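In: Fold the following for me, if possible:
(chains A and B)
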Amino acid sequence: MAQVIKMAYLYEDLMNTYGDSGDVKILSYLLKKQGYDTQVDNISIDTADFNALDYDFLFFGGGQDFEQTVVAKDLRRFKATITTYIEAGKPMLAICGGYQLLGDYYETSEGTTIKGLGILPLHTIFKADSRMIGDTEFETEWGTVRAFENHSGRTYFDDPTKLKPLGKMVTGYGNNPEDGVEGMRYKGVIGSYAHGPLLKNVNLAQGITEKILACYRDRTAALTK
Amino acid sequence: MSVKSSFAVAVGRSSYWFLHTFMKGGSSLPGKLTNQIDPDILATLGRDYEVVIITGTNGKTLTTALTVKVLQAKYHNILTNPTGSNMKQGIITAFLTHKTGRSGKKIAVLEVDEANVIEVTKYIKPTAFVFTNIFRDQMDRYGELYTTYKKILAGVAKAPDATIIANGDAPIFNSQSLPNPIIYYGFNHQQDGERKAPYNTDGVLCPVCNHILHYKFLIYSNLGKYYCPHCGFSRPKLQHSVTALTHLTPTQSQFVVDQQALKINIGGTYNIYNALAAYSVGRYFDIAPDKIAQALDADEKVFGRQEVIQVGTKAVTLILVKNPVGLNQVFNLISLNHKPFSLVTLLNANYADGIDTSWIWDSDFEKMAAQKLPCYIAGGERVTDIAFRWQVAGVPKDSLIQIKDLDQVAEKIKNLPTQQVYVLATYTAVLQLREKLAAQGFIAAANRKH
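Out: Okay, the predicted model is just below:
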């Protein structure tokens, strides 16, 4: 029987705007080359129950402003299970809007504060008049990464002892115009503003694939006990 | 006309004459000069016209061309603006250079960029607006769906009496309550079923209660007979609808609208929507359905965007692509071809192409990969991105050729294993490829577009 890696795509039908579905497609492609099938489940506003621990990978992409406010509201239903998953060190990738929603809150350009999941100590301030758009390049643990950013949200860490950046900027803005860093790492979670999609950088994609396989082995070992 | 307006018009017209007599032409400068002298010039120029404004992210150009064709069945004094001149200055130029003289009603059919609708309606109160659709389109420049729609509505607010002729299958056009009379068109050609849009679709939230929309049937993207199972929001009554698809090929569509058989000499469901929009405008101007049918069965010149070029023994069809919805539609279109063909995809990332290439990941390359075509060519400045997209979609390495330099594309095409070849390319890649093919003698000089 083929081995099936299970991925949960959070709000795939709503947070799907900037080509980030490519990240999931690329991971599935790399896993397939190693002999694994993947099953991708859309977890959305009409999903009744969701247990993150049933999965080997969580993905949360970027969406449009309107959709993101709707998702922010619904997402609270899953806070407990996503927190348990993250604290257990399991792998997750959150891009742009998905990254912002893991934090405490984001403030829209109109000054409205919208609560995030509050799992990670970070927050985001939107500045509609100075959108950060263009090619990016940054250095990570896995080597150089080239991507594309398109965001008016500026993200700041509130507890730098807990959160580490994903990379150091060479070109482009990253989290915000001041810090010169891109994205965030906490345990198995990577947050990032990088579209393109990010995982066309196969070096980074391979790094995440290894984490997913480790998670899969743990989960299936526990099942057979 | 005031002295200032007359002077402005004179300057604009002579600059246009100068540009077209001594230079290669140019359509925005005369408008720009005229506008600088008299910022209200559109009010003067447009005074005697009944104006139809056609806007939306996709399909504006063809809908405009078809609408002109349809209205010509009854009216003989029709002004329109050429493709690409859909902002304020280009529209001023179109008015400046239109030769009136014939008697009868003057009508202007204007393709207007979404953000420029207000620049026109500040000065001219149109008779009708046509909303084709709002899809994601080069988000690095235009932003999100509701932002785009807000821009259009800001312009519509200046003309609350104008009739809106809108795509009824698009939920966004039913999301706001407007004072304008509205005529909806759409598809009604199949039995009701029950489904949702594919996960990778934009704009599927109910605008009333923010739950996921369901569909009785789906045409493509988020267009169809939508309804919200949660609050009851649903597609409005259609005044004009496609009731049957009779015969579809990559180069022709035959279908029935309101019991009238129609034929257009171009393939693609999206073009049926464009024809349906033009039909609806024609009916609004009280043109008989059979007259509209004659007008729509026009020669292929109206449909400029699909061009067939002979390269050696190969028939090469060149198609412009720029966003995921459009590309998916082109994939559907070429899949109607039952003869073997090869597929060339060229990706550039200049400003006119959209500098963000990530949208290719939201298109259904997997569908085309599954067809196991004899050969796929990936090329353009972003050859690495487009080639990797094909690999992830499942094209084996030995069926995939990568070419960065477009000089070699013609040579590779000549040696392809199939007679038929489709080239799907972004804007500047289309231009570059045409130049190369012209330089190599495959396009006659008279046929050159640029």
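
In: Would you mind listing what in the stretch 201-350 of chain B touches chain A?
Out: B:201-202, B:204-205, B:210-212 (C-beta under 8 Å from any C-beta of the partner chain). Every residue, glycine included, has its C-beta placed from N, CA and C.

In: Now tabulate those in JSON lines and tack on pLDDT, neighbour count and secondary structure.
Out: Shown next, in JSON lines, are these (pLDDT from 0 to 100; neighbours: other C-beta atoms under 10 Å in any protein chain shown; DSSP: H, G, I helix; E, B strand; the rest coil):
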{"residue": "B:Thr201", "pLDDT": "90", "neighbour count": "23", "secondary structure": "coil"}
{"residue": "B:Asp202", "pLDDT": "88", "neighbour count": "24", "secondary structure": "coil"}
{"residue": "B:Val204", "pLDDT": "94", "neighbour count": "23", "secondary structure": "coil"}
{"residue": "B:Leu205", "pLDDT": "94", "neighbour count": "23", "secondary structure": "strand"}
{"residue": "B:Asn210", "pLDDT": "94", "neighbour count": "19", "secondary structure": "coil"}
{"residue": "B:His211", "pLDDT": "95", "neighbour count": "18", "secondary structure": "coil"}
{"residue": "B:Ile212", "pLDDT": "95", "neighbour count": "18", "secondary structure": "strand"}
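
In: which one of the residues you listed is nearest chain A?
Out: B:Asn210 (4.7 Å; C-beta to the nearest C-beta).

In: OK, contacts around the closest one?
Out: A:45, A:70 (C-beta atoms under 8 Å, 6 or more residues apart in numbering or on different chains).

In: May I have the phi/psi pair for it?
Out: Dihedral pair for B:Asn210: phi 60, psi 30, per degrees, to the nearest 10.

In: can you list the weak-confidence ranges in the stretch 101-250 of chain B?
Out: For the stretch 101-250 of chain B, applying pLDDT under 70 flags the ranges B:101-102, B:137-143.

In: Identify the spatial nearest neighbour of B:Gly282, chain neighbours not counted.
Out: B:Val70 (4.0 Å; C-beta to C-beta, 6 or more residues apart in numbering or on different chains).

In: repeat for A:Thr38
Out: A:Thr38's closest residue in space is A:Ser28 (C-beta to C-beta, 6+ apart), at 4.3 Å.

In: now swap in B:Thr243 and tell me
Out: In space, and not counting its chain neighbours, B:Thr243 is closest to B:Val256: 5.1 Å by C-beta to C-beta, 6+ apart.

In: burial measure for that neighbour, as a count.
Out: Counted with other C-beta atoms under 10 Å in any protein chain shown, the neighbours of B:Val256 add up to 15.

In: Chain B versus the spatially most central residue of chain A, what's the distance?
Out: With distances taken as C-alpha atoms, centre = their mean, A:Ala94 lies nearest the centre of chain A, 0.7 Å away. Distance of A:Ala94 to chain B, computed by C-beta to the nearest C-beta, to the nearest Å: 16 Å.

In: which element follows the top helix by length along chain B toward the C-terminus?
Out: Ranked by residue count and defined by DSSP state H, the top helix of chain B is helix B:3-22. Next in sequence after helix B:3-22, counting helices and strands by DSSP states H and E, comes helix B:29-37.

In: so how far is that next one off the chain centroid?
Out: Helix B:29-37 sits 27 Å away from the centroid of its parent chain (C-alpha atoms, centre = their mean, to the nearest Å).

In: next helix or strand past it?
Out: The helix or strand immediately downstream of helix B:29-37 is helix B:41-45, counting by DSSP H and E.

In: gap between the helix ranked longest in chain A and the chain center?
Out: Using DSSP H, we find that the single longest helix of chain A is helix A:202-224. Once both centres are worked out by C-alpha atoms, centre = their mean, helix A:202-224 turns out to sit 16 Å from its chain's centre.
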